[in-house]
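> I need the structure of the sequence given here:
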Amino acid sequence: EIGLGAARCTLPDVAVLCSSCGFWELECVRCQQCWRWFCFGCSCLSLQTLPAGDFSCAECCGVAVYDRQLAARMALVRRRLQEGNSCHVEVDMFAQTVFDLMGTCAWGEFSLNIPVLVQLVEAQIRARVSPTVLPFHSVHYPLSKQVVKDIATLHSQQTLE
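Modelled structure (predicted):
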């Protein structure tokens, strides 16, 4: 079950070390079995998509169960993105997770999500906002050379400002 599960999930009061990426993050959830922390980006979560039940990491619940849960979370965020109801954290998490899906050869889930990510990036470029996709990730996606150049340009402009 997915949806505003903040009441059941354990969230930190201060930044904690993510057991997956190794970054200190405030937006994390704790596995209820091994008690390790995972940032929202690594676990494909946001406050809007926290499980209504307890959260368990892939190591504790098994990869097959975790993959089904991840697919359900991605479908929810994909729908929220398409409806224009997503928050900034969800957009960033979505982009990073699509990249991770490619890196782990999860081609089925990647194929479902890449068209949404491409549409999102193209809309961000039209709006002249810094795209969610990082320049060094963009070369791995089915994007035109112009879109890759626009991503790099907008990120450079943001850095200079």
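> what comes into contact with the helix or strand hosting residue 112?
Here residue 112 sits within helix 107-126, counting by DSSP states H and E. In this structure, residues lying in contact with helix 107-126 by C-beta atoms under 8 Å, 6 or more residues apart in numbering are 67, 70-71, 74-75, 78, 81-82, 91, 94-95, 97-98, 101-102, 130-133, 138, 141-143, 147, 150-151, 154. Heads up, the C-betas are built off the backbone N, CA and C, glycines and all.
> show the model's pLDDT score for the spatially most central residue of the chain.
Nearest to the geometric centre of the chain sits residue 93, at 2.0 Å (C-alpha atoms, centre = their mean). With respect to pLDDT, residue 93 scores 79.
> I figured it hits residue 77, correct?
Yes. Using C-beta atoms under 8 Å, residue 93 is in contact with residue 77, at 7.2 Å.
> among the contacts of helix 107-126, name the ones in helices.
When DSSP state H is applied, the contacts of helix 107-126 are split such that 67, 70-71, 74-75, 78, 81-82, 91, 94-95, 97-98, 101-102, 138, 147, 150-151, 154 fall in helices.
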